[in-house]
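Undergrad: Sequence first, predicted model second:
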Amino acid sequence: MAVNLTANAITAIIAGDVDAKPLLQVLDIATIVSTKNSQQQRYRLLLSDAVSSHHAMLAAQLNDRVNTGRVKQGSIVQLLDYICTPLQNRKIIMVLNMETIIPDCEIIGNPKSFVDSELPVQKALPDNTVAGSSRSINNLAAQNAGSNGQNFRPTVQPPYQPPPLYKGRGAVMKNEAPARVIPIAALNPYQGRWAIKARVTAKGDLRRYNNARGDGKVFSFDLLDSDGGEIRVTCFNAVVDRFYEAIEVGKVYLISKGSLKPAQKNFNHLKNEWEIMLDLNSTIELCPDEDGSIPRQQFSFRPISDIEIVENNAILDVIGVVTSVNPSVPILRKNGMETLRRVLNLKDNSGKSVELTLWGEFCNREGQKLQEMVDAGVFPVLAVKAGKVNEFSGKSIGSISTTQLFINPDFPEAQTLRNWFDQVGKDSASLSISKDITHGGPKNEIRKTVSQIKDEGLGRSGKPDWITMRATVSFMRTDPFCYTACPLMIGDRPCNKKVTKSGDTKWQCDRCNQEFEECDYRYLLQAQIQDHSGLTWVTAFQEAGEEIMGYPAKDLYVLKYEQEDDEKFGDIIKSRLFNEFVFRLKIKEELYNEEQKVKITVVKADKVNYSAESRYMLDFISKFRRQ
């Protein structure tokens, strides 16, 4: 079979013409492994146009073409997306996308190595960029340098313009040349200057850390460009101060003057082998989103049935209908910090369902909204971006700092699920791929009365019991009703330990060993609740205390202890008595003063939704009559 490679393609590419989609032949493939990161494998190709040959680096996302044998020695390939960039005192072709036209072919012509000797000498790259190559680029021999590439013509409009190449014809001040906008997929360590235009799709929390080099702070955000390329950007310390407030999710920015480092795949789920590190010389400019060419978000949804075979700790996107929502529960982490956890269930048309565990603020924001919708009989569609797969007696999904939740989104996938659920799925059974018992308690709400707590010995099995109870607040202890707490952050959570006055204006935390001007005020409310069967004492902490009292703890603290307005304070307390709530309770036996006592903690206190309560009672009566 006669094959005509694109004439003079190598010469034209090296000269800076990357507008066409040339046909070239692969003469050789060499494996390149970094000496600092043995897992960072790359492939270097020797490409030929039948007259000249030149080396090219294959983008990491194309490694599978070589691994699967689709590209081999002799293959005829068509370059679809590529860039020519300086490397030391010569140029190298970066192949970003290509197609295999003929997998096997005899070597065509008698190609000679091409040399681009006129480029100025540039600073050598670190050894982790191209170390370990089985063939050194320095072995190229000079040939055909005078070709003018006149037979090489572009056939399509290029998606971007390559960065300018400056020849040694005079002094050029450092960083004077304007950076050209390139796709995220074209970013590589060989480029000196670049700029990308992309939308922020996720912004991580500001985190503080402490290591051998001292204290610091860090935050990251994810970018998506019009070509679908994604990359994570990370800022440390002084760079955080400069950019943290400026970055907003959903906005488009022009970013330049950063450095690239290998992506930490344990924490970075994006399909890019690099991350961007910004420094004090970096620039971020807000861009108008006039044409909307950059999508708001990019998803790669997996059916719930597929999650069963996904590796533990994998990061993925999933979409499903929310069928149940458990109450939020406080969880004490190993570092002594308290956080919230809420478990809900998703099902889709694959016939399977899965547990989704929300952590921290997700519980109060999206989690609370989802619970209100489900309690009202509405089963919303939920899209989860970047959920983490957990494996323990089954598979489940958990939120992480970069997770995003979209309730009833305007996606085709969401509309398909909505139609399926309304017509079929609502009444169809699904098999859970998660364990039988959720982290926060049983999957289905368990209603109990006050008398049943004692009669059934709840909380005395060594593990906590989680129940729901409709009851009235009949009495509250008001001295104390809250405490002064440390507001300092340890990791990504506040300390919350009790603090004491230090002088007239400052507070002292013994745990953090620091003083500060302002403290937090957190509820520690002791209340008596009762239903038709009896009464019992419960303890309500911060969030539950606010739900019961209807006021922030600080407002009541100031009223009672600083303004000393006992009359107004007493009126507020009286107004909160004999209000009815649906309580979510945690019951557990604990050792107190060398005596085992059952402690009841209010996890959630919702105002009674009489419509939902009526449906519950009618359903209960219906089940009772069928027995």
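TA: Sure thing, it's come through.

Undergrad: Over to residue 21. Which of the three states is it?
TA: coil (DSSP: H, G, I helix; E, B strand; the rest coil).

Undergrad: Residue 105 versus that one, what's the distance?
TA: Look at residue 21 and residue 105: by C-beta to C-beta, to the nearest Å, they are 18 Å apart. No exception for glycine: its C-beta is placed from N, CA and C like everyone else's.

Undergrad: more crowded one of those two?
TA: A count of neighbours by other C-beta atoms under 10 Å puts residue 21 above the other of residue 21 and residue 105, at 19 against 16.

Undergrad: Let me know the pLDDT of that one.
TA: With respect to pLDDT, residue 21 has a value of 84.

Undergrad: Assess the claim that it and residue 82 are in contact.
TA: No: applying C-beta atoms under 8 Å as the test, residue 21 and residue 82 come out as separate, 9.1 Å apart.

Undergrad: quick one, helices of the stretch 101-250 of the chain?
TA: Here the stretch 101-250 of the chain has its helices, by DSSP state H, counting those that start in this stretch, at 127-130, 238-243.

Undergrad: Which of those helices comes out lowest on mean pLDDT?
TA: Across the helices of the stretch 101-250 of the chain, helix 127-130 gives the lowest mean pLDDT, at a mean of 39.

Undergrad: And residue 385, its phi and psi?
TA: Per-residue torsions, residue 385: phi -100, psi 120 (degrees, to the nearest 10).

Undergrad: Excluding chain neighbours, what is closest to it?
TA: residue 404 (4.1 Å; C-beta to C-beta, 6 or more residues apart in numbering).

Undergrad: longest helix of the chain?
TA: helix 610-626 (DSSP state H).

Undergrad: pLDDT averaged over it - what is it?
TA: In this model, helix 610-626 has a mean pLDDT of 74.

Undergrad: got it, and stretch 32-43?
TA: The average pLDDT within stretch 32-43 is 64.

Undergrad: Surely residue 370 is within a helix?
TA: Yes: assessed by three-state DSSP, residue 370 belongs to a helix.

Undergrad: Report the contact partners of it.
TA: 322, 325, 344, 380, 382, 407 (C-beta atoms under 8 Å, 6 or more residues apart in numbering).

Undergrad: Show me the contact partners of whichever strand or helix holds residue 258.
TA: For residue 258, the host element (DSSP states H and E) is strand 252-262. For strand 252-262, contacts defined as C-beta under 8 Å, 6+ apart pick out 37, 40, 128, 175, 179, 181, 187-189, 193-200, 223, 233, 247, 273-279, 281-289, 294.

Undergrad: what does stretch 524-542 give?
TA: Stretch 524-542 has contacts (C-beta under 8 Å, 6+ apart) with 330, 449-453, 469-477, 480-483, 522-523, 544-545, 547-549, 553, 581, 583, 585, 599-602, 605.

Undergrad: Give me the below-cutoff pLDDT ranges for the stretch 401-550 of the chain.
TA: Scanning the stretch 401-550 of the chain for pLDDT under 70 picks out the ranges 435-445, 491-493.

Undergrad: Now residue 542, what are its backbone angles?
TA: phi -50, psi -70.

Undergrad: quick one: it from residue 377, how far?
TA: For residue 542 relative to residue 377 (C-beta to C-beta), the value is 30 Å.

Undergrad: neighbours around residue 293, how many?
TA: 12.

Undergrad: Can you flag which of the contacts of strand 252-262 belong to strands?
TA: Using DSSP state E, the subset of those located in strands is 195-200, 223, 233, 274-279, 281-287.

Undergrad: Show the buried residues in those.
TA: Neighbour counting with 16 or more other C-beta atoms under 10 Å marks 195-200, 223, 233, 274-276, 278, 282, 284 as buried within these.

Undergrad: follow-up on the earlier one: mind listing what's buried in the longest helix of the chain?
TA: Across helix 610-626, burial judged by 16+ other C-beta under 10 Å covers 612, 616.

Undergrad: do the same with stretch 466-484
TA: 466-473, 476, 481-484.

Undergrad: can you check stretch 63-75 too?
TA: Buried, per 16+ other C-beta under 10 Å, within stretch 63-75: 65, 66, 71, 74, 75.

Undergrad: average pLDDT across stretch 598-606?
TA: 90.

Undergrad: and that stretch, how far from the chain's centre?
TA: 32 Å (C-alpha atoms, centre = their mean, to the nearest Å).

Undergrad: Provide the contact partners of stretch 495-512 at residue level.
TA: In contact with stretch 495-512 (C-beta under 8 Å, 6+ apart) are residues 337-338, 483-490, 514-520, 522.

Undergrad: What residues of it count as buried?
TA: Buried residues in stretch 495-512 (16+ other C-beta under 10 Å): 495, 496, 499, 507, 508, 509, 512.

Undergrad: need the contact list for the residue lying closest to the first one once chain neighbours are set aside.
TA: So that's residue 495. Among residues not flanking residue 495 along the chain, residue 486 sits closest, at 3.9 Å (C-beta to C-beta, 6+ apart). By C-beta under 8 Å, 6+ apart, the contact set of residue 486 is 494, 495, 496, 497, 498, 499, 507, 509, 511, 512, 519, 520.

Undergrad: got these as TSV, with distance to residue 219 and secondary structure columns?
TA: Below are the contacts of residue 486 laid out as TSV (distance: C-beta to C-beta, whole Å; DSSP: H, G, I helix; E, B strand; the rest coil):
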residue	distance to residue 219	secondary structure
494	18	strand
495	20	coil
496	22	coil
497	25	coil
498	30	strand
499	27	coil
507	27	strand
509	25	strand
511	25	coil
512	22	coil
519	26	coil
520	23	strand
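
Undergrad: Just the closest of these to residue 207, please.
TA: residue 494 (13.3 Å; C-beta to C-beta).

Undergrad: Next step: the contacts of stretch 524-542 restricted to helices.
TA: Within those, residues falling in helices by DSSP H are 450, 451, 452, 453, 544, 545, 547, 548, 549, 553.

Undergrad: How about residue 100, nearest residue that isn't a chain neighbour?
TA: Residue 100 sits nearest to residue 70 (C-beta to C-beta, 6+ apart), 5.0 Å away.

Undergrad: wouldn't that neighbour be in contact with residue 104 here?
TA: No: judged on C-beta under 8 Å, residue 70 makes no contact with residue 104 at a distance of 11.0 Å.

Undergrad: what sits in contact with each of these two?
TA: Common neighbours of residue 70 and residue 104 (C-beta under 8 Å, 6+ apart) do not exist.

Undergrad: Please name the residues that touch the residue nearest to residue 100.
TA: By C-beta under 8 Å, 6+ apart, the neighbours of residue 70 are 64, 100, 103.

Undergrad: of all the residues you listed, which comes closest to residue 300?
TA: For the contacts of residue 70, the nearest to residue 300 is residue 64 (16.4 Å; C-beta to C-beta).

Undergrad: Name the residue closest to the centre of this protein, please.
TA: With distances taken as C-alpha atoms, centre = their mean, residue 402 lies nearest the centre of the chain, 2.1 Å away.

Undergrad: That one: what secondary structure?
TA: coil.

Undergrad: Look up how far residue 299 lies from it.
TA: 14 Å.

Undergrad: swap in residue 74?
TA: Per C-beta to C-beta, residue 74 is found 39 Å from residue 299.

Undergrad: List the buried residues in the strand holding residue 258.
TA: Buried-residue list, strand 252-262, by 16+ other C-beta under 10 Å: 252, 253, 255, 256, 257, 258, 260, 262.
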